[in-house]
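S.K.: starting from these lines, generate the structure:
(one chain, ligands or ions: 1)
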Amino acid sequence: SDHDLKYPESPAAMDWSQHYPAYVATPPQPQPTTQDPEPSKALTTTTPKPPAMTALPTVADIGCGFGGLLFALSPLLPETLILGLEIRVSVTEYVQEKIRALRAQAALSPPPNSPGTSYANIACLRANTMKFLPNLFHKHQLSKLFLCFPDPHFKSRKHKARIVSSTLCSEYAYVLAPGGKAYTITDVEDLHAWMAERFAAHPSFERVGEEEVEADACVGVMRGETEEGKKVGRNGGRKFVAVFRRLDEGEGV
Ligand code: SAM
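M.R.: Down below sits the predicted model:
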């Protein structure tokens, strides 16, 4: 159950400072004013100021699992804030802990495998991405959205649990900026066809051509660095990739 999940009322209420402290200033806490005759009351009546934002995540990994994509994208997109979203508590905590450890390690000595990253630009949040995505991200906030090896939910009566549907494509179109891309990868051919059909049928998306897909470094990371991508590779399975561009408002909806 995800009843205990908390979401910000709106993206403006989201405090990113705890996730990206190197990029986002801590929001000022409400302070009782000195003129107030009753300081104890002032705390409850002062309106908290919105967080002091300096940067927002623009890349999201939906159902990030153990975070392989995040760790590999960190040095590839060093100036970009990247957010993994994961529904499982223990998996989210694992990724958060690993990010903390890598940041601490990088502060002592530059990471030999990934020079140029201090892992300050990646974070992981527990969320059910099928709900409240627009509570986390402003309209057009994202430039890239990854859907890597989503759970296939094979049985027809379970298809409604798939994280690609016409409705969810509308949410992905809302959070993606025009020109932004939605990346999909799976080893299940039927799910690949399902996702491609839904995105292609949506007026806000067009499929990206093969040449552009193959030239995109993020596609290589999806294939080779996600936990599932590695597992499928070890078992000699096939990996089906499709990328979709978010059209301009005028072109689609
Ligand atoms: N993307 C990772 C990879 O490629 O290695 C993990 C793939 S795993 C098969 C699917 C992940 O999506 C699981 O970790 C699962 O907990 C997560 N997940 C499923 N439904 C979700 C939802 N509604 N919101 C967030 N995460 C979800």
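S.K.: these two touch, right, Ile82 and Pro75?
M.R.: No: using Cβ atoms under 8 Å, Ile82 makes no contact with Pro75, being 10.9 Å away. For the C-beta atoms, the positions are set from N, CA and C on the backbone; glycine is no exception.
S.K.: which one's more surrounded, these two?
M.R.: Ile82 (24 against 16; other Cβ atoms under 10 Å).
S.K.: which strand residues bridge Lys144?
M.R.: When bridges are taken as DSSP bridges, the partners of Lys144 come out as Val59, Lys181.
S.K.: contacts only, for it.
M.R.: Neighbour list for Lys144: Thr58, Val59, Ala60, Gly180, Lys181, Ala182, Tyr183, Cys218 [criterion: Cβ atoms under 8 Å, 6 or more residues apart in numbering].
S.K.: any idea how far Leu81 is from the residue nearest in space to the middle of the chain?
M.R.: Among the residues of the chain, the one closest to the centroid is Ala60, at 2.0 Å (Cα atoms, centre = their mean). As defined by Cβ to Cβ, to the nearest Å, Ala60 lies at a distance of 10 Å from Leu81.
S.K.: common neighbours of the two, please.
M.R.: Shared contacts of Ala60 and Leu81, defined by Cβ under 8 Å, 6+ apart, are not found at any residue.
S.K.: quick one, strands of the stretch 51-200 of the chain?
M.R.: With DSSP state E, counting those that start in this stretch applied, the stretch 51-200 of the chain shows strands at 59-62, 82-86, 122-126, 142-148, 176-186, listed in chain order.
S.K.: the longest one near the ligand at all?
M.R.: No: for strand 176-186 and the ligand, the contact criterion (Cβ under 6 Å from any ligand atom) is not met; the two come no nearer than 7.3 Å.
S.K.: and that strand, which residues are buried?
M.R.: Leu176, Ala177, Gly180, Lys181, Ala182, Tyr183, Thr184, Ile185, Thr186 (16 or more other Cβ atoms under 10 Å).
S.K.: what's the closest of the residues you listed to the ligand?
M.R.: For the ligand, the nearest member of the buried residues of strand 176-186 is Ile185. The distance, counting by Cβ to the nearest ligand atom, is 7.3 Å.
S.K.: I'd say the closest one and Arg238 touch.
M.R.: No: with contacts defined as Cβ under 8 Å, Ile185 does not count as touching Arg238, sitting 10.7 Å away.
S.K.: what touches both of the two?
M.R.: Common neighbours of Ile185 and Arg238, counting by Cβ under 8 Å, 6+ apart, are absent.
S.K.: quick one: contacts for Leu176?
M.R.: Applying Cβ under 8 Å, 6+ apart, one finds that Leu176 lies in contact with His140, Leu142, Ser143, Leu145, Ala182, Arg246.
S.K.: can you do 7 Å?
M.R.: Applying Cβ atoms under 7 Å, 6 or more residues apart in numbering, we find Leu176 in contact with His140, Leu142, Leu145, Ala182, Arg246.
S.K.: if the residue lying closest to it once chain neighbours are set aside is in a bridge, with which residues?
M.R.: Ranked by Cβ to Cβ, 6 or more residues apart in numbering and with sequence neighbours excluded, the top spatial neighbour of Leu176 is Arg246, at 4.0 Å. The residues paired with Arg246 through beta bridges, assigned by DSSP bridges, are Phe205.
S.K.: how about the helices in the stretch 1-150 of the chain?
M.R.: Counting by DSSP state H, counting those that start in this stretch, the segments of the stretch 1-150 of the chain that form helices are 39-45, 68-76, 89-108, 133-136.
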